[in-house]
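Visitor: have a look at this prediction, sequence included:
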Amino acid sequence: MENAPQTEELKIPDVLPLLPVRDVVVYPYMILPLFVGREISINAVDAALASDRLIFLATQKEVGEEEPTPEGIYEVGTVAMIMRMLKLPDGRVKILVQGLAKGRVLSYEADKPFYSVKIERLVELATTEITLETEALMRTVKELLSKIVSLGKVISPEVLVILENMQEPGSLADLVASNIGLKVEEAQRLLEIIDPIERLKKVNEYLNKEYELLDVQARIQSAAKEEMGKTQREYYLREQLRAIQQELGETDARSEELSELRKAIESSKMPSHADKEALKQLNRLEQMHPDAAESAMLRTYLDWLVEIPWSKATKDSLNLKTAKKILDEDHYYLHKIKERILEFLAVRKLKKTSKGPILCFVGPPGVGKTSLGKSIARAMGRKFVRISLGGVRDEAEIRGHRRTYVGAMPGRIVQGLKQAGSNNPVFMLDELDKLGSDFRGDPSSALLEVLDPEQNNSFSDHYINLPFDLSNVMFIATANQIDTVPGPLRDRMEVIQLSGYTEEEKLQIAKRYLIPRQIKENGIAEKDIAFSDQALKALIAKYTREAGLRNLEREIGSICRKVARRIAEGEKKRFQINTGSVEKYLGPPRYLREGEMEKNEVGVATGLAWTPVGGEVLFVEATIMKGKGGLTLTGQLGDVMKESVQAALSYIRANASDLSLPEDFYGTQDIHVHVPAGAIPKDGPSAGITMATALISLLTKVPIRREVAMTGEITLRGKVLPIGGLKEKILAAIRAGITTVIIPEQNVKDLEDVPKEILKKVKIVPVSVLDDVLKVALENFPPAKPPAAKATPAKAKAPARGVVVTPRNRIVAR
């Protein structure tokens with residue numbers, strides 16, 4: 001209160017230079033230093049020093065605004081006196097100011113070279129006497145401030161002494177507000193309150209809020225400190241216990257566990273780089289608290305390092321005769337694959353350090369790809385590991401997760417090696433063609449390193465993070481179709497095709513493998529049941545239609561179960577399974593050979609198609625009706641097959657006279673081509689000659705021989721182009737009772753892959769032009785020509801412009 005007469009005696013001008021300040025609100029009687037750097041602010045300081053050293057301090061609303069406008073500055077501020085000024089080397093000015101009185105900006109008189117404002121002084125209401133309520137409020141504020149200081153709030157001791165002796169409510173409120181670190185908005189709100197009692201009440205609210213925050217913060221810190229103290233105390237006690245146990249000659253469980261782990265590392269015969277890393281991590285684990293989160297992760301990592309077969313290998317069985325005997329025992333036929341395995345064993349016998357081959361078995365389901373891998377492992381005396389890649393989308397499935405992730409573990413390759421317990425197993429990668437990819441990575445790209453003989457000698461799993469030699473592993477991949485396997489991955493493997501089995505091969509496999517297995521699985525003695533060859537042939541031809549053997553084994557198993565039931569019910573006899581009993585147990589035949597159902601018909605041609613599960617017989621039907629030259633295609637045909645029909649029709653129209661057709665036959669009739677089983681999509685470049693034969697038969701009224709099937713693409717010149725999947729198609733023809741198969745002449749070389757026993761059952765007719773096809777397929781060709789003048793032969797016509805025939809480029813394997 002002793003300062004009040006001074007401010008009353010001080011005469012404050014109506015117009016003062018304005019100094020915008022940031023991050024701080026200046027109260028009356030408050031002394032603080034300010035750094036002034038903006039040109040407009042330096043000009044204001046200079047103007048104040050040149051006159052009466054008075055300046056008006058007002059706070060900016062936005063701290064980051066470099067050139068505040070009048071709208072960006074609070075109206076209520078403090079008139080202050082510049083007590084000292086110091087110019088700094090960087091051009092800024094440091095001033096020491098003392099707040100004198102509150103004021104409000106009435107108007108801005110000038111904005112250059114500094115803000116000059118007209119102000120009015122805000123005079124506080126005088127406190128004539130201190131009431132009990134005011135006294136209680138002042139004591140509450142002082143006590144709260146003491147509590148805040150006791151909780152860690154830093155306030156100068158001199159300020160605390162002044163506060164204890166202060167009896168003016170307004171001055172008390174201003175001094176407390178300037179020392180408790182209020183936000184700018186809150187401090188400005190207090191400055192604008194003129195009534196000292198109301199201002200002190202507001203300060204009391206802010207103090208209560210600050211006290212609650214500091215109290216909660218203190219409790220949190222105390223709890224954390226207690227937990228830390230408890231952990232440290234336990235650690236010291238454990239260390240003391242360990243020292244006592246060592247003195248007594250005893251060891252604790254953890255020490256014994258770490259000692260065993262060290263012995264395991266030494267006996268695992270790791271390479272030097274892996275041994276060094278394992279010992280390094282073991283030393284870290286020994287110095288680590290057992291309850292630490294990283295302790296469990298390190299323990300698991302060291303377990304993996306110890307259990308991986310770094311130097312454990314099985315000895316190869318290099319007796320070629322024994323290996324051949326085992327392969328022949330497990331699988332019937334499959335000469336090419338057996339030869340490849342025996343070749344590898346022969347090379348291994350001559351050169352001990354040869355790398356393991358990387359094979360890829362491609363074929364329909366049920367042909368024995370996976371079981372063949374087991375047989376190869378048995379023949380070589382190696383362990384067998386199989387992982388299924390179907391539906392795998394995450395790269396980490398192959399390479400593993402990094403140890404920083406929670407629940408990290410090695411990839412499937414390292415897991416398989418651990419499961420095998422040797423570093424040279426036969427490792428089967430099943431369903432390679434069904435790999436996926438998404439935002440988590442591309443597993444097929446991760447397999448590039450695994451299946452590359454030049455790179456896999458230093459394969460690095462993300463979890464193990466150490467190079468591992470995979471060159472001794474024999475990798476065998478399986479796929480139903482090779483087209484979906486990425487090119488770079490396909491290039492790293494030796495692809496071996498496994499086609500479907502013939503009826504004779506299925507008969508032998510059923511007698512040697514399937515029947516004994518099903519008899520054993522269903523608890524029947526061999527003396528209780530016998531299958532005749534005719535019964536097996538009926539099963540193969542009339543109850544299954546597949547390239548593999550799975551459905552055949554299911555049907556055999558179904559018969560065995562029915563026999564097992566009769567035996568369990570008390571029947572005691574030897575059950576002879578013949579053709580009649582097959583129908584008795586399984587019902588009427590599910591499939592009838594197409595050739596047996598059809599006769600020679602006009603406009604119905606038999607084609608051959610390849611599918612991922614083997615070859616199929618495909619019928620092409622054509623019919624004609626009155627119309628205006630329209631062409632209708634049904635049966636879910638793809639674009640390639642639709643183009644084959646268009647090419648065949650164009651060939652017929654161009655050679656109408658040679659085919660004894662009227663020149664205008666197409667303009668007065670509509671043609672409809674249909675491929676049955678309309679629910680199944682069909683496409684491929686091998687149906688051209690089938691389409692052409694069906695259309696020519698339809699238009700010339702000459703029937704097509706039912707025992708003839710064909711495959712091949714056609715050009716506009718009538719040439720027959722080569723196709724793929726020949727063996728599968730021939731097998732499909734034999735299953736359907738076809739006796740003659742027409743193939744492109746350029747596919748004759750592919751007959752070497754077809755067993756001679758199969759070729760004995762069917763007549764193969766190579767053709768190079770469509771006329772050769774028609775001579776074999778139609779009952780009468782060439783048809784009788786009309787007596788009209790002979791038309792110019794089609795081959796004498798000039799070639800159509802814009803047509804480029806590239807037979808080699810158009811060969812599509814499927």
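Guide: Structure's in. What do you need?
Visitor: mind exporting stretch 748-760 as PDB, just the C-alpha atoms?
Guide: Provided in PDB are the C-alpha atoms of stretch 748-760 (Å, rounded to 0.1, in the frame of the first residue of the first chain):
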ATOM      1  CA  VAL A 748       5.400 -85.400 -83.500                       C
ATOM      2  CA  LYS A 749       8.600 -84.700 -81.500                       C
ATOM      3  CA  ASP A 750       6.600 -84.600 -78.300                       C
ATOM      4  CA  LEU A 751       5.500 -88.200 -78.700                       C
ATOM      5  CA  GLU A 752       8.800 -89.200 -77.200                       C
ATOM      6  CA  ASP A 753       7.500 -88.200 -73.800                       C
ATOM      7  CA  VAL A 754       4.400 -90.500 -74.200                       C
ATOM      8  CA  PRO A 755       5.000 -94.100 -73.100                       C
ATOM      9  CA  LYS A 756       5.000 -96.700 -75.900                       C
ATOM     10  CA  GLU A 757       2.300 -98.700 -74.100                       C
ATOM     11  CA  ILE A 758       0.000 -95.700 -74.500                       C
ATOM     12  CA  LEU A 759       0.800 -95.200 -78.100                       C
ATOM     13  CA  LYS A 760      -0.100 -98.800 -78.800                       C
END
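Visitor: so for that stretch, what gets flagged as buried?
Guide: Residues Asp750, Leu751, Val754, Pro755, Ile758 are the ones in stretch 748-760 that count as buried (16 or more other Cβ atoms under 10 Å). For glycine as for every other residue, the C-beta is placed from the backbone atoms N, C-alpha and C.
Visitor: ok, of those, which one's closest to Ile742?
Guide: Nearest to Ile742 out of the buried residues of stretch 748-760 is Leu751 (Cβ to Cβ; 13.3 Å).
Visitor: distance check, that closest one against Pro744.
Guide: Using Cβ to Cβ, to the nearest Å, Leu751 is found at 12 Å from Pro744.
Visitor: next: Lys118.
Guide: Taking Cβ to Cβ, one finds Lys118 at 105 Å from Pro744.
Visitor: so those two - more neighbours on which side?
Guide: Using other Cβ atoms under 10 Å, the more surrounded residue of Lys118 and Pro744 is Pro744, with 26 against 14.
Visitor: for the more buried one, give the beta-bridge partners.
Guide: Beta-bridge partners recorded for Pro744 (DSSP bridges): Val767.
Visitor: next up, the contacts around it.
Guide: Going by Cβ atoms under 8 Å, 6 or more residues apart in numbering, Pro744 touches Thr711, Gly712, Glu713, Val720, Leu721, Pro722, Ile723, Pro766, Val767, Ser768.
Visitor: give me the number of residues near Ile540?
Guide: Going by other Cβ under 10 Å, the residues that sit close to Ile540 add up to 24.
Visitor: ok, now which ones touch the closest residue to it other than its chain neighbours?
Guide: Leaving aside its sequence neighbours, Ile540 sits nearest to Lys506 (Cβ to Cβ, 6 or more residues apart in numbering; 5.0 Å). By Cβ under 8 Å, 6+ apart, the contact set of Lys506 is Leu536, Ile540, Leu549, Leu552.
Visitor: can you check Gln646 too?
Guide: Neighbour list for Gln646: Leu631 [criterion: Cβ under 8 Å, 6+ apart].
Visitor: right, and the helix or strand after whichever strand or helix holds it?
Guide: If you go by DSSP states H and E, Gln646 is part of helix 639-654. The element immediately downstream of helix 639-654 (helix or strand, assigned by DSSP H and E) is strand 669-674.
Visitor: mind giving me the packing neighbours of that following strand?
Guide: In this structure, strand 669-674 makes packing contacts with strand 614-626, strand 631-634, helix 688-700, judged by 3 or more Cβ pairs under 8 Å, 6 or more residues apart in numbering; DSSP states H and E.
Visitor: show me what counts as buried in the first one.
Guide: The neighbour-count criterion (16+ other Cβ under 10 Å) identifies Gly614, Gly615, Glu616, Val617, Leu618, Phe619, Val620, Glu621, Ala622, Ile624 as the buried residues of strand 614-626.
Visitor: any idea of the mean pLDDT in whichever strand or helix holds the residue nearest to Ile540?
Guide: For Lys506, the host element (DSSP H and E) is helix 503-509. Helix 503-509 carries an average pLDDT of 85.
Visitor: for that helix, the distance to its chain's centre please.
Guide: 42 Å (Cα atoms, centre = their mean, to the nearest Å).
Visitor: check the offset of stretch 650-669 from the chain's centre.
Guide: Distance of stretch 650-669 from the chain centroid (Cα atoms, centre = their mean) equals 56 Å.
Visitor: what's the straight distance from one end of it to the other?
Guide: End-to-end distance of stretch 650-669: 15 Å, with Cα to Cα, to the nearest Å as the criterion.
Visitor: and that stretch, which residues are buried?
Guide: For stretch 650-669, burial by neighbour count (16+ other Cβ under 10 Å) applies to Tyr651, Ile652, Arg653, Asn655, Ala656, Ser657, Asp658, Leu659, Leu661, Phe665, Tyr666.
Visitor: biggest separation within these, which pair?
Guide: So, these by Cβ to Cβ: farthest apart are Asp658 and Tyr666, at 15.3 Å.
Visitor: state which helix of the chain is the longest.
Guide: Once the chain is assigned using DSSP state H, the helix that runs over the most residues is helix 196-248.
Visitor: and that one, what does it pack against?
Guide: Applying 3+ Cβ pairs under 8 Å, 6+ apart, we find helix 196-248 packed against helix 132-150, helix 169-177, helix 184-191.
Visitor: just for the stretch 251-400 of the chain, where's the confidence low?
Guide: 251-252 (pLDDT under 70).
Visitor: try 90
Guide: Applying pLDDT under 90 to the stretch 251-400 of the chain flags residues 251-269, 283-297, 299, 311, 315-359, 363-373, 375-376, 379-380, 390-397, 399-400.
Visitor: all strands for it, in order.
Guide: 358-362, 384-388 (DSSP state E, counting those that start in this stretch).
Visitor: just checking, what packs against the last one?
Guide: When contacts are defined as 3+ Cβ pairs under 8 Å, 6+ apart, strand 384-388 sits against helix 369-380, helix 412-420, strand 426-430.
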